[in-house]
Each structure stands twice: as C-alpha cells, then as structure tokens.
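Q: Sequence plus the predicted model coming up.
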There are 2 protein chains.
Amino acid sequence: MEEITAPRGPGRRATITDVARDIGVSKGTVSRALNGHPDISDATRLRAQKAAARLGYRPLGSAQAIRTGRCRALGLVIETGEHDAHRPFLAAFLAGLSDGAALEGWTLTVATAPEGDTLATYQRLIDDRKADGFVLPRTRLRDPRVEMLRGAGVPFVLFGRHGDPEGCAWFDIEMEAAMRASVARLAAAGHRRIAFVGGSALHTYAQLRAEGFRAGMAEAGLRADLMRFGAVDRAGGARAAAALLDAPDPPSAFVYAVDAAALGLWQAARARGLTVGRDLAVIGYDGTPEGAHAEPPLATWAVDTHAAGLRLADLLIRRIRGEAPEALREVGQARYLDRGSAACAGPGGAAPSDDDTPMGGR
Amino acid sequence: MEEITAPRGPGRRATITDVARDIGVSKGTVSRALNGHPDISDATRLRAQKAAARLGYRPLGSAQAIRTGRCRALGLVIETGEHDAHRPFLAAFLAGLSDGAALEGWTLTVATAPEGDTLATYQRLIDDRKADGFVLPRTRLRDPRVEMLRGAGVPFVLFGRHGDPEGCAWFDIEMEAAMRASVARLAAAGHRRIAFVGGSALHTYAQLRAEGFRAGMAEAGLRADLMRFGAVDRAGGARAAAALLDAPDPPSAFVYAVDAAALGLWQAARARGLTVGRDLAVIGYDGTPEGAHAEPPLATWAVDTHAAGLRLADLLIRRIRGEAPEALREVGQARYLDRGSAACAGPGGAAPSDDDTPMGGR
DNA sequence: GGTGTTGCCGAAACCGGTTTCGGAAATCAC
DNA sequence: GTGATTTCCGAAACCGGTTTCGGCAACACC
C-alpha cells in the first residue's frame, strides 16, 4: 500500500497568503481585491492582480466552496435507458458544455441515473456540492426536475422549453419553423398526402414538432389527418409507417420528428415493394450520422449540438451568478440537409427544388 | 439580479459539529471515528456512526478536500475529433463509470479536449482538484498521458493495456482471443483467403487485434498476407475492402477490427456486384448497434462497456486509496454475436456453425 | 480647528472538516 | 502500591480561502 500524494515540494501551488505576503497586504485584502469588492483602491487591486498572475495563483475551488457554497462546476444528469435517445449527440453535446464551462474556468460534473429515478441523483450532487447548477436535457412538458430544482432554489437551464416558463432559463432550437419548412418543401414538390410521425408524447420537443407540422399543413392548405406518435427508434418508426401505408388513401410523403425513427421507413417501404426517394419522400429531424448512410440518404435538419452546449454553459453560469431567468432565453436554428430521400415528386408532379440553404445564421 | 442561495433554514445540512454535540464528544473525535482511525474505542465509534446516520450527516467533500487534497471525484477527459470513435459507447461507458463511482459516494468530472492537446486539460483538473485520478480511454502504445500522470504521481487506470506496464493499472477486454476465434470460425466454414482490416496504428487495441488475427491464421494453417490498417470509419473500411477485393487472389472472408469500418464492406461489395453474407463473409468487433441494422446484419463481438466502466471506477478508486497498480489489472471477455454476415461458406464448402455462445464469463 | 464622512485596509472570525499534540484515565508490570 | 504503558479523547492548530468588523487617515464641512 504505497501512499500517493500530490507533489508538495517548493514548487507547490501558490496560495492567497503567498500573494498577500508578496505585496505586503493581508490575505483578506487580496481576496477582496481579486473578487472585485468596491472597498479596495485601484492601485492595490492592480498590484494584487499582477502578483497573482506572476505567482500563478489560482484560488482553490474547494477552499472557496466551503465558504461560498459554489464549486464552479456545472451539473449534467444523463438518464439511461432512454432507448439511447441522445446517444448520437452526446459526445458533441458534452464537448460543448465542457468547452463553455472551461471558458470561465468551470468544470462539468456528470452523473447518470435510471430513467424514473433522477431526482435523487440531483439531490446527491446538490448535497455534495458537486454542482452549482444543472443543465436539463430532454425537457418534458411537465418536468419533475424543474419543479424540484425550482423549489430548492437551485439554478438550472433547460435544453428545450417548458410548459410553465416561470423561473426557467433555456436554450432551444426553433424546430417549429423547421417542421413547417419540411411540409412546405414536400407540398411544393407536389405531395398532397403528407404524414407525420412524432416522438415521445411526454417531451416538449415532440409537441413543438407536431405543432410545426400542423402549421405547415395549414399553410399549404392540406389536412393534417395522417399523424402517429410515440416513434423514437427504428422499430417504432417502421411500425408507424406500416400502419400509415396500409391505410386507405396512404401518404406519398413523410415528415418524421426523429431521424432514428425515420430510418424505419426504409424497412416498411421495402416490405411493400416501395422505394424511398422514388415512391416515397421523407424528411427527418436531428441530423444523426446514420441518416447519411441510408440509401438514399435521409434529408433532415441538423442541430449543432456542440454550439448548443456552449450556449447552455454560458446561460447556466450567468444564471448561477444571479441574472434573472427571463433574460436567459435563447433559440438557435436548425440547418436543412437536402438529401436523396426528399428528392421525389408527388402526384402533383412539380420537381423538387434542390438547394441546401441554411435556415438563419449561427 | 436576484441572488440565489442554498436553503439555509433549520433544515440545513448536518455538520460534523452537530454530530459531535449530539453524542457529547469533540469534532476531532467524530472525524477520527468515522474515518477508521485506530485510536478510537469501538463504543465511541459506534455511537458516532449511529448519530451520523440518524442526523443524515455526510462530510462535505470540498471541506475535506482542502485538508486531504482528495475530492472524491474520478476524472475523464474525452478527446474530441477522434472520428467519433467512441461515440456509440460513450453513453453506456459514462453510465458505468458514474454508477461505479456512486457506489462509493464518488462523482465523475468530465472534460473534453482537442485531440493533440489533452495534457493541459489533465493539468487543469489536477490543479483545480477536480479529480483525484483519471480513467484513460483509448490507450496508445506510447501514451503521453501515462508518462505525464506517472511523472506527476497522479493515480490513473487504463481502459486498454500499455506498452510499458510500469506503474499502470488497467482494465481491458481480451480481444486477441476474440480475433483468433473469428478466424477459426471463418476457416471452419471453409474460407482459405481471409483478410484483416485493422484500426489506428497508434492505439494498443489495433495492435492486439492484429496479433490475434495473425495467431488465428497461424493456428488455422493459413497465411496472413491480406492485411490493411488505418480503417476506423465506414469510408476507410470501404477503401481497404476495395483494395483487397481488387487484388489478385482476393479474400472470400474479412475480419475487421472495428465495426464502423466493417460497414464499409457493404459499399465496396455492392460496387463489385458482390453480396455480403452470400459471396463474402465478415466478422467485426465492437458490437455497435448500427451493425444490427445492416443487411445482412454484421456478426461481431460485443463489449459490455457499462460493465467496463463499473470495473474501471472500482479499480481507480482502489488505486487512489493506495493499492499497488500491479494488483489492479483485469481483463474481461467479449461476447460473440452470430449474425448473417458470417453465415456464408467459403470455397472449402463447410456449413457455418450457428451457435451464439458467450465467450467466458463476465 | 473640531467633527462628521468617506475610502481603504488589517485583524480576526468563520466555513467544515482533518491532524497534531498532549494529557487524563485505565491497564499492566513487578 | 508504585511506576510505566496503553488507550482514548479533547484542545487547538491547520487547510485556503471569504467575510465581518472596526479603526486609521484623509477629506469635506461649518
């Protein structure tokens, strides 16, 4: 049992006492100078800052935490068993959060929890002071995490909007517009019977995408009567497609709320002697890499999850620092990826347009 | 700017002072009792433990950290831009690490870093005391992270073995045996010309899998003369397959070191009028979900990354607590998933066996 | 020239733990 | 019964910061 210890030689990390001694003031003065308290003269503040930089002083998070209650860490609790819903985005999303946190010298504490039982995990991280606030992915319409954290006075920011916006900060993608645009494209290509296959009914994203679809159909003067829900993976997407294709007056085009489900259409079509991109048009949403490898590749809306993570980290840090949640709400844009699965004219006969324009900047 | 504060009422968290007062001893005594120091009587220790449990006392990590230098957190630095190599496993792997850490009341600090520049990120986490030790995924043959952490005296554990095992603890999957078994299966099915497509030359896993293949070929009495390297994604796998198929005396079977690359064989085969599972046999490695959706589905070796995360967390915690690295080395087994892509007899003509037996325990 | 202010900083308490040191009581040796 | 050990615990220092409190100068006011 050899004991492991951090190096403790003369090259040890500089403490606030070292800085204080260096410029001949008390350590309380250095603390206030570095933290921007107004009762320190500019001259002293400058000396403290220079000395801190020269000595390489960086306050020790755990020492600050014990007094301030802040540990400069963002918390993320990932729900497992969610049919791997965010698996494709996870790496980029984590990178965005981590990068955004690092910009302010913060870090990221990650935990996982079984689907129904996440609240205890949040509580544990709060109690242990392992996170000053949380990013909540996959917002639900009524989200128990929101109620719990709101009640406990713990800062949080949503990735997605929430039914009751009171006290909520968020970043979200404006997916209604994307769905409307999907319908518009398909309608412009001559499709009259356009079906929608949505995701989990509990989540905000599912509702917003369905609303966008309905709005698009209304704008196109079409009836939104071919709608299915609850398809979040390939198998679910295939079942929904099968039911829709077997009905009388079946659709010639599909809008899927989730790429992973959209890939199920290939199976259902093949089983019925139909070919996607020739007999059927489909546009998905998410931009999962698997879609690019389908035959033909899946047209979809790509979300920059790295950028989303960056924004969420920034919003959460500002929230923790005390900014009002109402001032911390942003929406980003998805980008359309035109691909073969949408290049199929409907019975109306118009040729599909073939641009690949981003929807709004970023 | 409303200020956010943790609830501070009478229901505030119990401190060690509360416990001490409750049983009428000093807080130093409680500390020693709870931490297993030998100079505390069993009676007092028991009283302290009971009082702590009754009051719900749990030591505040940041307060301990300032004195002990330990924050009870495991560190994981994910390299971004690695052609998304571990994207499919990331969620399960994180869950395993998080669960394993939680078993001991520890947490997980995650950071990301661009591929070449991870050392600074490790240093930052060490300096900020955000992690007591690290899990190093994707071990390289000569790994700068190992040298750096070994030099700094920071505990770590590898996911994968290392060229220089000095001071290294690890968990790894015994992939050589899996590769040997892949070759044996294909040879038993009558294949004589078996090709190997390997991964990144810098990483340990690539070398071990190639060695396993060579050993398998030797056992089968075949020449391992059809080998390509550097294929880690679908495109790379397709290029390697194309080169091998276009050569004189081409292979009738493939062993891929990486599932993601193996999926490239479908493209290369189709372009040449060949069908996987009928004209060509292939066995991959990794167990990525995409393989199950190929047509025919990809036979492969599944790795339980959740279990791997659990083991790594346990090993790292024990390493941090001072156990010798030589005692902290484990290997797990991959499990063969027999699927259609391997069900194709070679020119030798033997029918493939069709079992799906696990290779060893878990 | 006294008397409030105001600006700026030092001293010390404090946060919640750990660790060192020493001493009282109990046990042991003889 | 006395001296030497052990056993067990309290007091206090300590870790590296933050925050409260108060005091000393310098300045303004009349």
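A: Nice, I can see it. Treat the numbers as computed from the prediction; the structure is a model and nothing was measured.
Q: what about the residue in the stretch 251-362 of chain A that chain B sits nearest to, is that helix, strand or coil?
A: Closest to chain B within the stretch 251-362 of chain A is residue A:322: 4.6 Å, counting by Cβ to the nearest Cβ. For the C-beta atoms, the positions are set from N, CA and C on the backbone; glycine is no exception. Using DSSP: H, G, I helix; E, B strand; the rest coil, the structure places residue A:322 in coil.
Q: Any stretches of the stretch 151-300 of chain A with poor pLDDT?
A: Under the criterion pLDDT under 70, no range of the stretch 151-300 of chain A is flagged.
Q: So which bits of it are right by chain B?
A: A:152, A:153, A:154, A:155, A:234, A:263, A:289, A:290, A:293 (Cβ under 8 Å from any Cβ of the partner chain).
Q: Just to check, the first one is in contact with residue A:126?
A: So that's residue A:152. Yes: Residue A:152 is within contact range of residue A:126, at 6.9 Å (criterion: Cβ atoms under 8 Å).
Q: Between the two, which has more neighbouring residues?
A: Neighbour totals were compared for residue A:152 and residue A:126, and residue A:126 leads with 21 against 13 (other Cβ atoms under 10 Å in any protein chain shown).
Q: residue ranges for the helices of the stretch 1-150 of chain A, please.
A: Secondary structure of the stretch 1-150 of chain A (DSSP state H, counting those that start in this stretch): helices at A:16-23, A:27-34, A:42-55, A:61-68, A:87-103, A:119-127, A:144-152.
Q: Pick the most deeply packed of those.
A: Highest mean neighbour count of the helices of the stretch 1-150 of chain A: helix A:87-103, a mean of 22 (counted as mean count of other Cβ atoms under 10 Å in any protein chain shown).
Q: Extract the C-alpha set from it and format it as PDB.
A: C-alpha atoms of helix A:87-103 as PDB (Å, rounded to 0.1, in the frame of the first residue of the first chain):
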ATOM      1  CA  ARG A  87     -26.600   8.800 -27.900                       C
ATOM      2  CA  PRO A  88     -25.600  10.200 -31.200                       C
ATOM      3  CA  PHE A  89     -25.400  13.700 -29.900                       C
ATOM      4  CA  LEU A  90     -23.800  13.000 -26.500                       C
ATOM      5  CA  ALA A  91     -20.200  13.400 -27.400                       C
ATOM      6  CA  ALA A  92     -20.600  16.700 -29.200                       C
ATOM      7  CA  PHE A  93     -23.000  18.000 -26.500                       C
ATOM      8  CA  LEU A  94     -20.600  17.100 -23.700                       C
ATOM      9  CA  ALA A  95     -17.800  18.800 -25.700                       C
ATOM     10  CA  GLY A  96     -19.900  22.000 -26.000                       C
ATOM     11  CA  LEU A  97     -20.700  22.100 -22.300                       C
ATOM     12  CA  SER A  98     -17.200  21.300 -21.300                       C
ATOM     13  CA  ASP A  99     -15.800  24.000 -23.600                       C
ATOM     14  CA  GLY A 100     -18.300  26.500 -22.400                       C
ATOM     15  CA  ALA A 101     -17.500  25.800 -18.800                       C
ATOM     16  CA  ALA A 102     -13.800  25.900 -19.400                       C
ATOM     17  CA  LEU A 103     -14.100  29.400 -20.900                       C
END
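Q: so that helix versus helix B:87-103, what angle?
A: 60 degrees (axes from the mean of the first three to the mean of the last three Cα atoms, to 10 degrees).
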